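A.B. asks: can't give you the sequence, but here's the structure:
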């Protein structure tokens, strides 16, 4: 942001012969300058006489971050049945801000085996001046860890009067199978 003599109310400086020039000791401000500042103003008249006054300048950032695209994530449950996502995984290049990006927050970061499937989460970006914007991101939770047999089962099946026997999954001891 910048300030120029045209931004200055010339009615605040008077001279019997008229003010011919106004200069500021500082005209450029950036994101690190958000807040209040005092600048020196030099006023010069037609005879070359000068005086120095001061003015208060308030620098504001009123432009919130902008999300350029919608992000998608695929996360996997681990051996403990937990999947998580962190703001570090977000592509910050898809967020535009006039000042520095401070942080990203998700409204949900933890998922489990019961969450395998598709979800929408809210993503909020904050700039260095506290302005924020929220969008949504897609999360797919996957479980690609196969069950593991812990022991070998033994079965005894008896033939019926027709010489047939059957074995059903209900007869299996599921405590011998570990899943995440």
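C.D. replies: Good, I have the coordinates. Everything numeric in this text was worked out from a predicted model, so none of it was measured.
A.B. asks: give me the low-pLDDT residue ranges for the protein?
C.D. replies: 9-10, 152, 172-180 (pLDDT under 70).
A.B. asks: residues in contact with residue 23?
C.D. replies: By CB atoms under 8 Å, 6 or more residues apart in numbering, the contact set of residue 23 is 5, 41, 42, 44. Every residue, glycine included, has its C-beta placed from N, CA and C.
A.B. asks: from those residues, which is closest to residue 15?
C.D. replies: residue 44 (9.0 Å; CB to CB).
A.B. asks: for the most centrally placed residue in the chain, grab phi and psi.
C.D. replies: Residue closest to the mean C-alpha point of the chain, counted by CA atoms, centre = their mean, is residue 104 at 2.3 Å. With angles defined as degrees, to the nearest 10, residue 104 sits at phi -130, psi 140.
A.B. asks: for it, give its distance to residue 127.
C.D. replies: Per CB to CB, to the nearest Å, residue 104 is found 11 Å from residue 127.
A.B. asks: again, but for residue 77
C.D. replies: Applying CB to CB to residue 77 and residue 127 gives a distance of 34 Å.
A.B. asks: just residue 43 next, same as before
C.D. replies: As judged by CB to CB, residue 43 and residue 127 stand 37 Å apart.
A.B. asks: swap in residue 150?
C.D. replies: Taking CB to CB, one finds residue 150 at 52 Å from residue 127.
A.B. asks: of those two, which one has the most company?
C.D. replies: Neighbours were counted for residue 150 and for residue 127 using other CB atoms under 10 Å; residue 127 has more, 21 against 10.
A.B. asks: what bridges to the more buried one?
C.D. replies: Counting by DSSP bridges, residue 127 forms beta bridges with residue 101.
A.B. asks: check residue 36 too.
C.D. replies: Going by DSSP bridges, residue 36 forms beta bridges with residue 58.
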